[in-house]
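Q: Generate coordinates for the sequence data below:
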Amino acid sequence: MPYDKSVFDRAHQILSARRRAAVDIQAKNRQQAFAAIPRLRQIDAELRTMGSRIAKAVLTQGGDSHQLLEGLRLRGVSLSEERAQLLRQNGLPENHLRPQYTCRDCRDTGYLPSGRRCHCLTELLREVEAQRINAISSMKLSTFDSFSLDYYPSGPQRQQMEGVLYYCRDYAETFSRSSHNLLLMGPTGLGKTHLSLAIADAVVAQGYAVLYGSFANFAGTIEREKFGQAATVGGDTLSTLLDCDLLILDDVGSEFVTPFVTALLYNIVNTRLNTGRPTIISTNLTFSQLGETYSDRITSRLGGAYIDLRFTGTDVRLAKGRQR
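A: Alright, predicted model coming up:
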């Protein structure tokens, strides 16, 4: 997918920092190891001359260089084995003197020897793009510990919300890329956004790429990008929404509904279902209202592939306001 230049720049900055860190750690390891095991410095110095000695043998000996080259090769093998043995004897890994790159495939350059983009750069681009979109969405995470059941009436309603809280916490703690889709339904002010953000907080902490935002904001951004009116040139919010590990669409049904918005919602829901990527949708609408607002195709997908969590009680925000 295409990314804005700022996204590429940020990803390359991260890779550069990784390379610098790997080289700095290598220099520190070499200095400490050479001080503790002087023989390692001698081996390192001799191995560094091997390239020039091989080149000299080829140039000076010509066709008679085979025996000399074989001797140099065996000497290099012997030195490498001695170095590895010395490191092991001193409780150090055999690769202790080499740079410890985050990605061994590309050595933190972002590109493979073939010139193709490395998987680590692809993943970084996704993460940076997700951070960019979450910043635009003003994502402010909540936690499960700050979710209080005291604001819900005792009896069946509180018991219902206890079950919802337990399910959401378990969902977050056991999240994987094959987790279920959730549909959080209920009137405004009952905690749908709070628990959505608590799930996002827990899943982000596990290293997954999570996108959270109101569907109205996402739809507006995608429409501006589609018609060339976005403030940031080159953004592709839709592709990022379709590709992230967990997508949380908040307040579905509050936006101004147009044919474009309806088609967009179906595209997001259907594509993520087909690719097996979990989605959480929260809405103040009932199933019948969703059908009236959008289309039967959308409600059919939601009803057949989403686990429905019903929020009950009285407006928590009003209750909190009365306590202040």
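Q: partner strands of the longest strand seen in the chain, parallel or antiparallel?
A: With secondary structure taken from DSSP state E, the chain has its longest strand at strand 246-252. Its sheet considered, strand 246-252 pairs with strand 210-214 (parallel), strand 279-283 (parallel) by DSSP bridges.
Q: Can you lay out the ones you listed as CSV showing distance to residue 27, mean pLDDT and mean neighbour count?
A: Where C-beta positions appear, they are placed from N, C-alpha and C, glycine not excepted. Output for the strands paired with strand 246-252, formatted as CSV (distance: least, CB to CB, whole Å; pLDDT from 0 to 100; neighbours: other CB atoms under 10 Å):
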stretch, distance to residue 27, mean pLDDT, mean neighbour count
strand 210-214, 37, 88, 23
strand 279-283, 46, 96, 25
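Q: Residue 100 is nearest to which of the ones you listed?
A: Of all the strands paired with strand 246-252, strand 210-214 sits nearest to residue 100, with 28.7 Å by CB to CB.
Q: could you pull out the helices for the protein?
A: For the chain, the helices defined by DSSP state H cover 5-36, 38-48, 50-61, 66-89, 119-136, 156-173, 192-205, 215-226, 237-243, 259-274, 287-293, 296-305, 316-323.
Q: from the chain's centre, how far out does the fifth one sit?
A: Which is helix 119-136. Relative to the chain's own centre, helix 119-136 is displaced by 7 Å; criterion: CA atoms, centre = their mean, to the nearest Å.
Q: Mind listing residues that contact it?
A: Outside helix 119-136, the residues that touch it by CB atoms under 8 Å, 6 or more residues apart in numbering are 3-4, 6-8, 10-11, 14-15, 102-103, 105-106, 108, 110-111, 209-213, 217, 221, 235-237, 240-241, 243-244.
Q: picking up where we left off before, between the helices of the chain, which gets nearest to residue 145?
A: Nearest of the helices of the chain to residue 145, taken as CB to CB: helix 192-205 at 8.5 Å.
Q: quick one: buried residues of the closest one?
A: Across helix 192-205, burial judged by 16 or more other CB atoms under 10 Å covers 192-204.
Q: okay, the helices of the chain in CSV with mean pLDDT next?
A: What follows is those, written out as CSV (pLDDT from 0 to 100):
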stretch, mean pLDDT
helix 5-36, 91
helix 38-48, 88
helix 50-61, 75
helix 66-89, 86
helix 119-136, 79
helix 156-173, 95
helix 192-205, 88
helix 215-226, 89
helix 237-243, 89
helix 259-274, 94
helix 287-293, 90
helix 296-305, 91
helix 316-323, 65
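Q: Using JSON lines, lay out these together with distance to residue 150.
A: Below are the helices of the chain laid out as JSON lines (distance: least, CB to CB, whole Å):
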{"stretch": "helix 5-36", "distance to residue 150": "43"}
{"stretch": "helix 38-48", "distance to residue 150": "64"}
{"stretch": "helix 50-61", "distance to residue 150": "73"}
{"stretch": "helix 66-89", "distance to residue 150": "60"}
{"stretch": "helix 119-136", "distance to residue 150": "30"}
{"stretch": "helix 156-173", "distance to residue 150": "9"}
{"stretch": "helix 192-205", "distance to residue 150": "14"}
{"stretch": "helix 215-226", "distance to residue 150": "30"}
{"stretch": "helix 237-243", "distance to residue 150": "35"}
{"stretch": "helix 259-274", "distance to residue 150": "35"}
{"stretch": "helix 287-293", "distance to residue 150": "30"}
{"stretch": "helix 296-305", "distance to residue 150": "31"}
{"stretch": "helix 316-323", "distance to residue 150": "9"}
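Q: The most centrally placed residue in the chain: what's it in contact with?
A: In the chain, the residue lying closest to the centroid (CA atoms, centre = their mean) is residue 209, at 3.3 Å. Residue 209 makes contacts with 126-127, 130, 244-246, as judged by CB under 8 Å, 6+ apart.
Q: I'd say residue 276 and residue 179 touch.
A: No: under the criterion of CB atoms under 8 Å, residue 276 is not in contact with residue 179, lying 9.9 Å apart.
Q: domains for the protein, by residue range?
A: Taking automatic domain parsing as the domain assignment, the ranges for the chain are 5-122, 137-323.
Q: Could I get the phi/psi values of the residue nearest to the centre of the chain?
A: phi -90, psi 110 (degrees, to the nearest 10).
Q: can I get the buried residues of helix 192-205 in JSON lines with distance to residue 95?
A: Shown next, in JSON lines, are those (distance: CB to CB, whole Å):
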{"residue": "192", "distance to residue 95": "50"}
{"residue": "193", "distance to residue 95": "48"}
{"residue": "194", "distance to residue 95": "47"}
{"residue": "195", "distance to residue 95": "45"}
{"residue": "196", "distance to residue 95": "44"}
{"residue": "197", "distance to residue 95": "42"}
{"residue": "198", "distance to residue 95": "41"}
{"residue": "199", "distance to residue 95": "39"}
{"residue": "200", "distance to residue 95": "38"}
{"residue": "201", "distance to residue 95": "36"}
{"residue": "202", "distance to residue 95": "35"}
{"residue": "203", "distance to residue 95": "33"}
{"residue": "204", "distance to residue 95": "32"}
